[in-house]
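1. Test case, fold it:
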Amino acid sequence: MAENKTKATTTSVASYLKSIEDDSRRADCKALAELMAKASKLPAVMWGTAIVGFGTHRYPLAGGKTGEICAVGFSSRKGDISIYGVTGESAGTDALAKLGKHKMGKGCLYVKRLGDIDLKVLEAMVMSAIKAKHVA
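-> Okay, the predicted model is just below:
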């Protein structure tokens, strides 16, 4: 079986955030890192080269093996900010309906800018996801 390519690294989160070229996007990602750190009560860690993650979520794989990825996190992508880990079982449709302008993907949420969404709703979604995944 192939090993997970996206792993926690020792790369600096601050360096990643600083490398985001667009000033507005960089400010949004810094604010999102602060929101997720506050809501999760966990430090930011780089996962791979472009995901800022909080906590570790372990999940079962075939053959009794276990995979792992950040419990919640985000990445600045070409068109949107991808937010990971908040749309699973812990995210009710009420929260998504109240969130604001977003798109859904497989396992993630896409937003153009933080100004398009209700940050209190997102913060509650992060807290709920951390609790549901039993992240300490």
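2. Ramachandran angles for the spatially most central residue of the chain?
-> Of all residues in the chain, the one closest to the mean position by CA atoms, centre = their mean is residue 73, 1.8 Å from it. The phi/psi pair for residue 73 (degrees, to the nearest 10) reads phi -180, psi -180.
3. So what pairs up with it in the strands?
-> Note on residue 73: beta-bridge partners by DSSP bridges are residue 53, residue 84.
4. wait, isn't it in contact with residue 56?
-> No. Counting by CB atoms under 8 Å, residue 73 stays clear of residue 56, with 10.6 Å between them. C-beta here means a position set from N, CA and C on the backbone, and glycine is covered the same way.
5. So residue 14: helix, strand or coil?
-> Three-state call for residue 14 (DSSP: H, G, I helix; E, B strand; the rest coil): helix.
6. again but with residue 79, I slipped
-> Residue 79 ends up coil, using three-state DSSP.
7. Pull the number of nearby residues for it.
-> Residue 79 sits with 8 neighbouring residues when counted by other CB atoms under 10 Å.
8. Residue 124: what's it in contact with?
-> Taking CB atoms under 8 Å, 6 or more residues apart in numbering, we find residue 124 in contact with 39, 95.
9. Likewise for the one 3 residues further on?
-> Residue 127 makes contact with 39-40 under the criterion CB under 8 Å, 6+ apart.
10. how does it look with 10 Å?
-> 36, 38-41, 72, 86, 90 (CB atoms under 10 Å, 6 or more residues apart in numbering).
11. For the helix or strand where it lies, what is the distance to the chain centroid?
-> Element membership for residue 127, per DSSP states H and E: helix 119-132. Put simply, helix 119-132 sits 11 Å off its chain's centre (CA atoms, centre = their mean, to the nearest Å).
12. Now do the buried residues in it.
-> Residues 121-122, 124-130, 132 are the ones in helix 119-132 that count as buried (16 or more other CB atoms under 10 Å).
13. Which of these sits closest to residue 111?
-> residue 122 (8.6 Å; CB to CB).
14. you'd agree that closest one is up against residue 109?
-> Yes. Between residue 122 and residue 109 there is a contact under CB atoms under 10 Å: 8.6 Å.
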